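**Q** the following comprises the amino acid sequence and a computationally predicted model.
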Amino acid sequence: MAKEQLPSRSQDFSDWYNRLVLRAELADYSPVRGCMVVRPYGWALWENIQSALDQRFKATGHVNAAFPVFIPFSFMEREREHVEGFSPELAVVTIGGGEELEEPLVVRPTSETIIGHMYAKWIKSYRDLPVLINLWNSVVRWEMRTKLFLRTTEFFWQEGHTAHGTEDEARAETLQMLDVYADFAENEAAVPVIKGRKSESEKFAGAKTSYSIEAMMGDTRALQAGTSHNLGQNFARAFEIRYLDQENELQYCWTTSWGLSTRFIGAIIMVHGDDQGLIMPPRLAPYQAVIVPIFRNDDERSQVMENIASIQSQLSNLRVKLDDRDGLTPGYKFNDWELRGVPLRIELGPKDVSEGTVTLARRDQPGKKGKTVVKQEGLTDVVGDVLDDIHASIFQRAQAFLDENTHQPEDYAGFIEVVRSGWADVWWCGDSECEAEIKEETKATTRCIPLDQPSGEGTCIHCGQPASERVIFARAY
RNA sequence: CGGGGUGUAGCGCAGACCGGUAGCGCACCGCGUUUGGGACGCGGGGGUCGGCGGUUCAAGUCCGCCCACCCCGACCA
């Protein structure tokens, strides 16, 4: 059986990514341009992401609901910036049941408008507030250039939509959900992120202020991994979302929205993956451990399989896969599961049966380096500890990579050099034209203005004007 | 939409310049031997050569048009 090598990450990162997604059976291309099929292994990962996020949403008082895919075209036009931002990428339905529609229907690119319409209907009094609804759905944006998980015509996500009685409460909600995303990214996906505010030109179409968590991929490019928007009263005014306060005065609501998509799967792949394939973060991995049986004959087979049954019952609190496929050598299975990124492999052969051991192999330490032989007794605790350790170790590795590749250049010449292969953390004036010039000259854009700011002031890295904030510039996906 | 590339078995490719029985590796099916880091032998099955049209006795191959996908740019979670 020949080795089918992936292209190496350093040699061709993009090719490595595309082939890995296909080979690991996370997703496949669909017959429609720019659309993807999420295969069971990819969807299992998404389900674990959903569950980790959903628990956090519920814990912060949100409830789930479902809104329709179709939105009256005119709704999109109610908020000026929103329509300007989204009109180039709308899919529009003009025929239904063979008849030309009186009003075209937009396939939702996001649900702020229809949410606005419904909230206006539901909210009458301060007693109705806050409204804290989340949607798990898919949306369609007609992208010019697509890439599996990172940017597809249709993608799956959640969108939270909340309405509040005060500006402070809406701001607090926006920041709270940003924290939820950061907590999820770091503690579930082992992906270190920078929390920050978006620049004027990078903010969501229709938002007052947008925030994001930004992650560094293995090629040092940045990926916006989740966003939270303070919509101010923009949508409340456009859709007349109003309530009577305690003084019987009519007030506009303050609304927010926040989303995290299947794009995050792309982040997991590009942050943790190596030349052998995926490395799934243990808390989200579809399979946290895979058991590979080893035997030479039927006799050994039955002994090994019997032993495995007791191992499985010891590990019943974990997501464990038994690879009992016939006709494949253990070596083949080792490589196969490494490609698919299963964090921990448990090998069990005749030697282990007679000695009451199993052989553990950590995915974050490829090859024989990551192997240890441990007693079957007490395996539950050992496996739990190893999985925690893998989480910590891949997080630290990613954090170190982020730190090593984030630089503080002193002048623009240094800046140009830095953003070729990393992030620049610099003083910036905040001016959109200055930002556009930097993008034109270096392909780097503002990723975010970190919430965590040093004290003091400086001068803009590009135009030299006074600057009060430091900003992350990077080439982005 | 501009620039580049690719379409031949499920996947990866050769064949094309020079027209003449459609091939190779992997995967798949059967039998046997194997199995602690991508096993081996033998025997099989599988193709409107992206589509349409043209040239020719004859087209995967030459000519024209079209389509799809990928990569690089402009737009974006």
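**A** Good, I have the coordinates.
**Q** so is the lowest-mean-pLDDT helix or strand in chain A next to RNA strand B?
**A** Within chain A, no helix or strand scores below strand A:27-29, which has a mean of 83 by mean pLDDT, DSSP states H and E. Yes - counting by C-beta under 7 Å from any atom of the strand, RNA strand B is contacted by strand A:27-29 at residue A:29. Backbone N, C-alpha and C define where each C-beta goes, glycine included.
**Q** which residues touch the closest residue to RNA strand B within the stretch 1-150 of chain A?
**A** RNA strand B sits closest to residue A:33 of the stretch 1-150 of chain A, with a gap of 2.6 Å, by C-beta to the nearest atom of the strand. Taking C-beta atoms under 8 Å, 6 or more residues apart in numbering as the contact definition, residue A:33 lies against A:146, A:153.
**Q** helix or strand: which one has it?
**A** Under the criterion DSSP states H and E, no helix or strand holds residue A:33.
**Q** and it, what's its pLDDT?
**A** Note for residue A:33: predicted pLDDT of 75.
**Q** for the stretch 101-250 of chain A, which segments count as strands?
**A** Taking DSSP state E, counting those that start in this stretch, the strands of the stretch 101-250 of chain A run over residues A:131-140, A:154-164, A:194-197, A:209-216, A:222-230, A:242-244, A:250-252.
**Q** give the other helices and strands that the second one contacts.
**A** Going back to what we said before, that points to strand A:154-164. The contact analysis (3 or more C-beta pairs under 8 Å, 6 or more residues apart in numbering; DSSP states H and E) places strand A:154-164 against helix A:40-59, helix A:112-122, strand A:131-140, helix A:167-187, strand A:254-261.
**Q** and the angle from it to strand A:254-261?
**A** Counting by axes from the mean of the first three to the mean of the last three C-alpha atoms, to 10 degrees, strand A:154-164 lies at 160 degrees to strand A:254-261.
**Q** so how far is strand A:154-164 off the chain centroid?
**A** 14 Å (C-alpha atoms, centre = their mean, to the nearest Å).
**Q** check stretch A:88-100 too.
**A** 31 Å.
**Q** and residue A:438, how far from residue A:431?
**A** Look at residue A:438 and residue A:431: by C-beta to C-beta, to the nearest Å, they are 10 Å apart.
**Q** ah, wrong one, I meant residue A:135
**A** In terms of C-beta to C-beta, residue A:135 sits 36 Å off from residue A:431.
**Q** and the two? Which one has more around it.
**A** residue A:135 (20 against 16; other C-beta atoms under 10 Å).
**Q** what's the nearest residue to that one if we skip its chain neighbours?
**A** Ranked by C-beta to C-beta, 6 or more residues apart in numbering and with sequence neighbours excluded, the top spatial neighbour of residue A:135 is residue A:159, at 5.1 Å.
**Q** run a quick neighbour tally on the one you found.
**A** If you count neighbours by other C-beta under 10 Å, residue A:159 ends up with 21.
**Q** how about it, what does it touch?
**A** A:110, A:111, A:134, A:135, A:137, A:139, A:257, A:258, A:259.
**Q** let's see 6 Å
**A** Applying C-beta atoms under 6 Å, 6 or more residues apart in numbering to residue A:159 gives the contacts A:111, A:135, A:259.
**Q** and RNA strand B, which of these reach it?
**A** Contacts with RNA strand B within the contacts of residue A:159, counted by C-beta under 7 Å from any atom of the strand: residue A:259.
**Q** can you give me the buried ones in the longest helix anywhere in chain A?
**A** Counting by DSSP state H, the longest helix found in chain A is helix A:379-404. Neighbour counts over helix A:379-404 (16 or more other C-beta atoms under 10 Å) mark A:379, A:382-383, A:386-387, A:390-391, A:394-395, A:397-398, A:401-402 as buried.
**Q** give me the beta-bridge partners of the nearest residue to residue A:115 once chain neighbours are set aside?
**A** For residue A:115, ignoring the flanking residues on the chain, the nearest one in space by C-beta to C-beta, 6+ apart is residue A:161 at 4.4 Å. Here residue A:161 sits in beta bridges with residue A:133, residue A:257, as judged by DSSP bridges.
**Q** which bits of the stretch 351-477 of chain A sit near RNA strand B?
**A** Counting by C-beta under 7 Å from any atom of the strand, the stretch 351-477 of chain A sits next to RNA strand B at A:351-353, A:359, A:361, A:366-368, A:370-371, A:443, A:476-477.
**Q** just the buried residues of those.
**A** With neighbours counted by 16+ other C-beta under 10 Å, these contain buried members at A:352, A:353, A:359, A:361, A:366, A:370, A:476, A:477.
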